[in-house]
Every structure is written in C-alpha cells, then in structure tokens.
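Visitor: my questions concern the predicted model and sequence given below.
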Amino acid sequence: MAEQIEVGSGEDRPYVLAERGIAEARAAYERSLTLGQESLAHWESLTAQWLLGLREIGYRLCQDSDVNIRAIFDLAEQQVRARSASEICALQVRFVQEQSERLVHQAKEVETLVSALMRSFHDEIRQGPRR
C-alpha cells in the first residue's frame, strides 16, 4: 500500500484550508444573494410607488381637462343665448378671467402632486433597501 504523505499538520493541512475557503465563499455568496434580493425588492417597491404617483397625477389631469372642457361648452351655450355682441364679449371676457384663474389653480395643484412624488421618490432612493 502506498503511504499517505501529510503536508502540514492540524489547521494547516490543505484540505482543511480548502474546506474553510469553500465555506467562506459560500457564506459570501449567500450574503451577496440576499443583498441582491433586497435591492430588487426595493426597486420593485420604488417602481410601484412611482407608478401610483403617476396614476394619481394622470387622474388629476383628466379631472382638470373635464372641468375645462365643460366650461367651454357652458360658454358656448351662454353665447348662443346671448342677445347682443356686447353680451357675447362680456361672456368671453368673464370666461377668460375665470379660466385663467382655474388654470393657475390647477397648475399649482399638479405641481404640488409632482413635487410630493419626486420628494418621496428621492427620499426612498437615498434610504436604500431596508433591512
């Protein structure tokens, strides 16, 4: 029978070092896998949050458009019933004033929604994945 030759002794033996290296590599892989999964979950959460925010903004824009278009129809009906050109002009002037105020108000509300979404998104990105 061939005689086994031992290289080193105890903790220095090559297979002990190899086993330790494999265990450490496995542990490092498990940590990186966990971090990758946490990162993916974080980005999925951010994406969902972003889409909900965009949906809210889109819904708000649709509401505002509806209000604005109905105001135009109301103006058209009022102008059809007007008895004189001066009454039509007065209706038009009032509409332009009201519509200007309405548009400013709507723009401010949408800006508030967009700012809140951007702030929230920025804060979430800076915090990173939660553990």
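Guide: Yep, it's here.
Visitor: centroid residue for the protein?
Guide: The residue lying closest to the centre of the chain (Cα atoms, centre = their mean) is residue 50, at 1.7 Å.
Visitor: where do the helices sit along this protein?
Guide: Assigned by DSSP state H, the chain shows helices spanning 14-81, 85-127.
Visitor: got TSV for these, with mean pLDDT too?
Guide: Below are those laid out as TSV (pLDDT from 0 to 100):
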stretch	mean pLDDT
helix 14-81	95
helix 85-127	95
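Visitor: and the residue nearest to the centre of the chain, how far from residue 72?
Guide: Using Cβ to Cβ, to the nearest Å, residue 50 is found at 33 Å from residue 72. Placement of C-beta: from N, CA and C, glycine included.
Visitor: equivalent analysis for residue 22, please.
Guide: With distances taken as Cβ to Cβ, residue 22 is found 74 Å from residue 72.
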